[in-house]
Every structure is written in structure tokens, then in C-alpha cells.
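Colleague: build me a model from this:
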Amino acid sequence: MRLEIGCQDRVGIAQDVLTIFVERQIDLRGIELKQPGKIYINIPDLEFSELQTFMPQLRLIEGVVDVKTTPYMPSEREKNELSTLIKTFPDPFISIDAKGHVRIVNNVTASMMNCKEHDIVGEHINQWVKGFNFNRWLDGGEVFAQTRRLKFIDDDYVADIIPIHVSDNIGDPVLAGAVLILKSEARLGQQISAFKQANENNFAGIQASSGSMRKVIREAKRMSQLDSSMLIVGETGTGKELLAHACHAASDRAEKPFMTLNCASLPDEAAETELFGLGVPNTKNSKKGLFEIADGGTIFLDEVGEMSPKLQIKLLRVIQNGNFRRVDDENEISVNVRIISSTNHDLLTMVSQGEFREDLYYRLNVLGLNIPSLRERRSDIIPLAEFFIAKFGQRIGKTNITLSDDCRDFIEHYPWPGNVRQLENVLIRAVSLMEGSVIMTNHLQLPAYTREHGYLEQEFEGTLDAAVKGFEADLLRKLYPAYPSTRQLAKKLGLSHTAIANKLREYDINKKTVKI
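Modeller: Have a look, this model is predicted:
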């Protein structure tokens, strides 16, 4: 029999209740004090006649509001709830103690091991799981969560290995063991497939707290259901490709390929082959281009403003009638592809200056989106920072990481010329290298900046000429991966091909010294 006693939060009331049981010599099997005002007691079943005198006596205690029977104790419900969750969990689940010995397995695990649970309990985890040193991990100074690929009964799995800590007498955490949740390749594939199913939740991964960014997402959701070309305009690092991919995933083309080409990263010949493929008559060396691969799906043309005049003409023809020819091939190929393009340039100005075809511009810009820079939507900065911190902290087993007040103020007012990408990269480094759980301003590797004077170079030494050369070399190294040909880089910086080639040679900037 279980009793639930409702009472006032009074000192000594639990003692008064227990005295009644002692006086009647009733065996107590369990007592639980939950939130103030609830006492649960587990006793043997009583005869009805004894219960009739016993219950009123409890109600006469000062502060007791109600006495009634209850089908279970709170701890019994919690224990059975947890047991049911573990036993019916669809993936293999194993709990081990601090020495690596198995304590609990769920039904799936026992079935895969072809054993009864009592035959497994007490055995060391290394008998079943290979590819991870549990003893070394458990004996380490700081035990953090891990995600590892390992073998379980000779099959490959991805395992989340999560430490279990309990508090000692003074409140310090003590390692009590760990739990393993194993995912097979098939299960991971099912989950990824479900995650990628087309619906408006595809936009959930885009952080939008500011009104301006929420407006962009609302418009993008509507545009994703249309089939016209889309042009996304925004500075470098604002998330143009992420938004394009979300639009594709929320469209009727979601089950078909989403292919990307960075128009600034390849010379003309390579870009043309990449887009349209290569046809070599009477040989097996023909190659499909992105348009053929993406048939029925979407092509994302990143930095379309960097596309050469020759490619612009060929792209225009594909948009107009869906036909093109492979390089070195006379046969026509027809495709049904939606084009989403992006740029960080003012294409309309480029049109007026003769640098971009006007007819192509209007073909690409049927549906237009403008992503504001991060400094134009400062209310997004802190939510984005907290999202990145939690995401990367979880990957390396660091939880509850926070930003100091000074750091929050600093990143909120920093101009972020590289936008979301720069913020993400800076925080990845800070979370990876910091000690403790609070990110300070000095953990952020950024050029010093103040609102009054902009960027500051601390402890400057040397001459102006050396500083200018240093800045020039740094700028070229940063631009070179995006513009790896001297023609492209010269066009970007408004210099001659020869001048750029000389500067690259002077600063030893080439494909061997700069990672592309």
C-alpha cells in the first residue's frame, strides 16, 4: 500500500507522521519527501477496519491537509519510466561502470549479442566493443563526451560515449561510469534522409532573430515554391549558399541534385567543362557537366558576377531554352534545371559599365533576395554566437560554455567584415583552445577594433613602406584562394595582369604556398 500525504511545509511534520506508524508498529518499506507539501509512504497492505481508524488519525496531525492511497511511489514511476525508455530504445544502448564493466543493456543490444542480459552484466565492454580505449578514457583527468567510429560485434557503428557524473558529499562531480548509444550506417542514413525531407523546417538552421533577417526567410520560403531563377545578393560570408540550399530543399526539386559552382574559383576553360561537360567523339572519355548531373534539380552559381563573357552567353542560352552542347561536342542536350545564383557585387552597376550582360542579369534576377550584412542585423550576433558555441562545444565534449559580459559587448559591436563565416571561425578557434567555460574577449583572434577609431594595430613597429607591403601581401594571400588565376585577381583589384604576376612572385604566393 502506498499513501500520499498532502501537508503544509512545517518543520517537524514528517516526524509527527512517522510517529503514528511507529506507535502502531507498521513496517515502513519506503518514504519519499518530494516537493514541499508531499510525503509518500510505502507500507504493507492493511485490513480495512485498521485503515478506517488509521487514516483519520493521520488527518488529525497539525498541518496535514489530505491522506489518500496512490498506486505507486514517485521513485517507482521514475525507475520504470527510465527502464522502459532504455529497454525499448531502438538503437544499441550500453551502460558501464567507472571500470568499464557492463551494468545495463537494452533489448536490442542483448538480441544482437545473442545473450541474456544477466549473462552480459559484469563483463568488460572491451569484450564486445573494439576501436576505443575505455580504460584510458575513464582513467583520464577530465572525461569528456566522445563521438567515435568503432566496431560492435565486428560491424561498424558511430558511438556517442557520454560520461555519467554524480555529486559527492561536498557537491563535487565524481565519475560513475558512462553510457554508449550506437548508430549503424543504415540507421544514420534513415535519420539523415528524414532530416533532409523537404518542408519549411529546412530554414530552421538559419539563425534569424532580427526583423530584417526574418523578412528574408519569409520571402525565401515563398520563393522556394516557385520555379523561376533566383538571385541572392549579399556580402561574403552572409550565408548565401546556405539560403540557396534551404530553398532547394523546400522545393519540389528537393529529391533531385543540388550542384554548386564557384564562378570565381576556376579559369574559363575549366569552368565551362565543369558546367557543360566534355564530349570526346568515339571515346569513353566524355564527361557529364553539372547541368546534366543536376537535371530535374538545382544549380547554384556562386559569385556569378565573376563569370566570363563567353560563359555568360552560353548560360543565357541554357536559361532560354534548356539546351546546350558539351565542350567539343555538336550534340544538343536538353535539361530541366532551376538556377539560383549569388553575388557580392552590384550587378546592375556592372551592367551599366558593360561588365555583365543585361539580358542575363534580368534572366537571373526574376526572384531577388538581399541578405543584410551582420553589422546591419546586430540582434542576430549574440544568438548566432551562442548557437556556434553550443554546436562546437558539444563536438569536443565542452558543455555550458558562456560569453563574458565584455565579450558579448565586443562581438555585438565588432563590424565583422567576414560576416557569419568570420564569426563562426573565430568562435571555433576560441572554443577549441580556451581553458575553462567562459569565453573572454582575449580568446578571440581578431584585429583590435574600437568604435571611435576602427581597426587598431597594436605595438606597431617598422616603416610605412614595410607596413604597406605587409598589408598588400596579406590581402593577396586572402584573395588568392578565391581568385587563383592572375587574370581573375588582376580584374578584382583593378591592376594589370603583369603587375599582379610580379607581386605574387615577390611575395611567394602560389598554389604551393597558399592552400586553395
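
Colleague: kindly provide the distance from M113 to V366.
Modeller: 59 Å (Cβ to Cβ, to the nearest Å). The way it works is simple: take the backbone N, C-alpha and C, and place the C-beta from them, glycine included.

Colleague: out of those two, which sits in the more crowded spot?
Modeller: Using other Cβ atoms under 10 Å as the criterion, M113 and V366 rank with M113 on top: 20 against 15.

Colleague: okay but the more buried one is in contact with W128, surely?
Modeller: Yes: M113 is in contact with W128 according to Cβ atoms under 8 Å; the separation is 6.6 Å.

Colleague: tell me, what's touching the two both at once?
Modeller: Taking Cβ atoms under 8 Å, 6 or more residues apart in numbering as the contact criterion, the common neighbours of M113 and W128 are 120, 153.

Colleague: R317 contacts N323, doesn't it?
Modeller: Yes: in terms of Cβ under 8 Å, R317 counts as a neighbour of N323; the distance is 6.9 Å.

Colleague: neighbouring strands for the host helix or strand of I340, and are they parallel or not?
Modeller: With secondary structure defined by DSSP states H and E, I340 is part of strand 338-343. Based on DSSP bridges, the pairing partners of strand 338-343 within the sheet are strand 230-233 (parallel), strand 298-302 (parallel).

Colleague: which outside residues touch that strand?
Modeller: 227-234, 240-241, 244, 247-248, 251, 253, 297-305, 319, 364.

Colleague: which of these count as buried?
Modeller: 229-234, 240-241, 244, 247-248, 251, 253, 297-305, 364 (16 or more other Cβ atoms under 10 Å).

Colleague: please enumerate the helices of the stretch 201-350 of the chain.
Modeller: Across the stretch 201-350 of the chain, reading from the start of the chain, the helices by DSSP state H, counting those that start in this stretch fall at 211-224, 240-249, 268-276, 290-293, 309-321, 347-352.

Colleague: now the angle from the second one to helix 211-224?
Modeller: With axes from the mean of the first three to the mean of the last three Cα atoms, to 10 degrees as the basis, helix 240-249 and helix 211-224 are set at 40 degrees to each other.

Colleague: what is helix 240-249 packed up against?
Modeller: Contact analysis of helix 240-249 by 3 or more Cβ pairs under 8 Å, 6 or more residues apart in numbering; DSSP states H and E lists helix 211-224, strand 230-233, strand 258-262, strand 298-302, strand 338-343 as its packing neighbours.

Colleague: could I get the average pLDDT for it?
Modeller: Averaged over helix 240-249, pLDDT sits at 90.

Colleague: chain center to it, what's the gap?
Modeller: Between the centre of helix 240-249 and the centre of its chain there are 15 Å (Cα atoms, centre = their mean, to the nearest Å).

Colleague: contacts for that helix?
Modeller: The set of residues external to helix 240-249 that reach it, using Cβ under 8 Å, 6+ apart, is 196, 198, 202-203, 205-206, 216, 220, 223-224, 230, 232, 234, 254, 258, 260, 297-298, 300, 302, 338, 340, 342, 369, 371.

Colleague: mind checking which of those residues are buried?
Modeller: The neighbour-count test (16+ other Cβ under 10 Å) applied to the contacts of helix 240-249 identifies 202-203, 206, 216, 220, 223-224, 230, 232, 234, 254, 258, 260, 297-298, 300, 302, 338, 340, 342, 369, 371 as buried.

Colleague: A208 reaches I217, doesn't it?
Modeller: Yes: under the criterion of Cβ under 8 Å, A208 lies in contact with I217, with a separation of 5.1 Å.

Colleague: quick one, the strand holding I340 and strand 258-262 angle?
Modeller: In terms of direction (the same axes, to 10 degrees), strand 338-343 departs from strand 258-262 by 30 degrees.

Colleague: ok now strand 338-343, how far from the chain's centre?
Modeller: A distance of 24 Å separates the C-alpha centroid of strand 338-343 from that of its chain, computed with Cα atoms, centre = their mean.
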